[in-house]
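1. Sharing a model prediction with you, sequence too.
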Amino acid sequence: MTRSELKKKRIGVLMGGLSAEREISLRTGRAVLGALQQSGFQAVEIDAGRNLAARLVEEAVEVAFIALHGRFGEDGTVQGLLEILGIPYTGSGVLASSVAMDKVTTKKLLLYHELPTPAFEAYRRGEDQTRLLDRCRHFPLVVKPAREGSTIGVSIVRNPEELQRGLSEALKCDDLILVEDFIQGREVTVSILNGQVLPIIQVVPKGGFYDYQAKYTAGQTEYLLPAPLDGVLYDRIQQMALAAYRVLGCAGAARVDFMVREKEFFCLEVNTIPGMTETSLLPKAAGHEGISFAELVLRMLEDAALGK
């Protein structure tokens, strides 16, 4: 849709939601809502609770800007509801959202397409932990809930005892757990906007681990933009990010995270609804490319569609 067409539409900014990332989603959503309203769009706040379908009808929403993170928002469920209601929405479609939300499935797809990702094991609640411990003989490892974001429930473990504790912590968040090799190196991220690859950012958390606190507390992380990488390596990582975006079938804005070890790099995950808070990476990368926050929001909105 063109901007002039969108100006005539009632736009619902879907935020909050039911996941553990609710507070981050509210920050993302309110930043987007403010930008749309300041640009003269008819935008309203929609808190995406269990009554979401009724709220969309009640508010006569014609286009949805999805600013949700985590389950019931980033995982294809809300996208499916919007497809049924016939409301065009921003970002990836049902399948890409669902696949990207599941880190185990994402890594299997990356490997199928020969895209590098750290070696891993998957564990599902109720399975024999002894067998998993037998398979995990090299440390350190990273233990993650497979379908959670913002580093919630993530642990770096250095021996079998810590692995068991890490599993217990991750199982509080999800029934499916990813245990992957810890890559010692530089953490970088590549944002993609409607198929355009943006500059790479290297994140340098002051505490050494880019956890929830480091991600969302101003001053806790240094951002190197563009990332100080060798030119050839820089180009290869950007190409790899775009390949991962396409393999998963993503649309609109997405962010692809990597670990870099000397000349090697490994894809960790693909985020189909990147944060839009004051410390978020997508707005920083876009800003470096000369795209203001308001312009970024409008470009994401222009991509709203059905049947992706």
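-> Nice, I can see it. Numbering: from 1, shown residues only.
2. what about this structure, any weak spots by pLDDT?
-> Residue ranges of the chain with pLDDT under 70: 150, 208-216.
3. Just give me the residue closest to the centre of it.
-> The centre of the chain sits closest to residue 271, judged by CA atoms, centre = their mean, with a distance of 2.3 Å.
4. show me the contacts for it.
-> Residue 271 makes contact with 74, 100, 149, 254-257 under the criterion CB atoms under 8 Å, 6 or more residues apart in numbering. Placement of C-beta: from N, CA and C, glycine included.
5. Could you report the separation of it from residue 151?
-> As judged by CB to CB, to the nearest Å, residue 271 and residue 151 stand 12 Å apart.
6. Repeat that for residue 83.
-> Distance from residue 83 to residue 151, counting by CB to CB: 30 Å.
7. need the contact list for residue 60.
-> Contacts here follow CB under 8 Å, 6+ apart; on that basis residue 60 touches residue 10.
8. Name the SS class of it, please.
-> At residue 60, secondary structure determined by DSSP: H, G, I helix; E, B strand; the rest coil is coil.
9. returning to that earlier point: quick one: which of the contacts of residue 271 is nearest to residue 205?
-> residue 257 (13.3 Å; CB to CB).
10. wait, what's in contact with that closest one?
-> So residue 257 contacts 187-189, 267-271 (CB under 8 Å, 6+ apart).
11. and the two most separated of the residues you listed?
-> Farthest-apart pair in these is 187 and 270; separation 15.0 Å (CB to CB).
12. more crowded one of those two?
-> More crowded of residue 187 and residue 270, by other CB atoms under 10 Å: residue 270, with 26 against 19.
13. Now the nearest residue to that one once chain neighbours are set aside: phi and psi?
-> Of all residues not flanking residue 270 in the chain, residue 100 sits nearest, at 4.6 Å (CB to CB, 6 or more residues apart in numbering). Backbone geometry at residue 100, expressed as degrees, to the nearest 10, gives phi -70, psi -30.
14. next one: residue 35
-> phi -60, psi -40.
15. Give me the number of neighbouring residues for it.
-> 22.
16. Would you mind confirming that it makes contact with residue 295?
-> No - if you go by CB atoms under 8 Å, residue 35 and residue 295 don't touch, sitting 9.0 Å apart.
17. next structured bit after the helix or strand containing residue 187?
-> Following DSSP states H and E, one finds residue 187 within strand 186-193. Downstream of strand 186-193, the first helix or strand assigned by DSSP H and E is strand 196-205.
18. Name every strand pairing with that next one and say which way it goes.
-> Here strand 196-205 is paired, per DSSP bridges, with strand 186-193 (antiparallel), strand 221-224 (antiparallel).
19. what's the offset of the last one from the middle of its chain?
-> Taking the mean C-alpha point of strand 221-224 and that of its whole chain, the gap between them comes to 18 Å (CA atoms, centre = their mean, to the nearest Å).
20. Check which residues of that strand are buried.
-> residue 221 (16 or more other CB atoms under 10 Å).
21. Can you name the element that comes right after that strand?
-> helix 231-247.
22. contacting residues for the residue lying closest to residue 227 once chain neighbours are set aside?
-> Residue nearest to residue 227 in three dimensions, not counting chain neighbours: residue 202, with 3.8 Å by CB to CB, 6+ apart. Residues near residue 202 by CB under 8 Å, 6+ apart: 186-188, 223-225, 227-229.
23. ok, now residue 288?
-> Contacts here follow CB under 8 Å, 6+ apart; on that basis residue 288 touches 198-199, 225-226.
24. what's the closest of those to residue 161?
-> Nearest to residue 161 among these, with distances taken as CB to CB, is residue 225, at 39.0 Å.
25. before we move on, back to that, could you export the contacts of residue 257 as TSV, including distance to residue 62?
-> Shown next, in TSV, are those (distance: CB to CB, whole Å):
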residue	distance to residue 62
187	39
188	38
189	33
267	36
268	36
269	32
270	29
271	27
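26. Closest to residue 135 out of the residues you listed?
-> residue 268 (20.4 Å).
27. Where do the helices of the protein begin and end?
-> Along the chain, counting by DSSP state H, helices occupy 3-7, 22-38, 52-58, 77-85, 94-101, 103-112, 129-135, 160-171, 212-216, 231-247, 281-288, 293-302.
28. Any buried residues in the third one, and which?
-> Judged by neighbour count using 16+ other CB under 10 Å, the buried positions of helix 52-58 are 52, 55-56.
29. With that, I have no additional questions.
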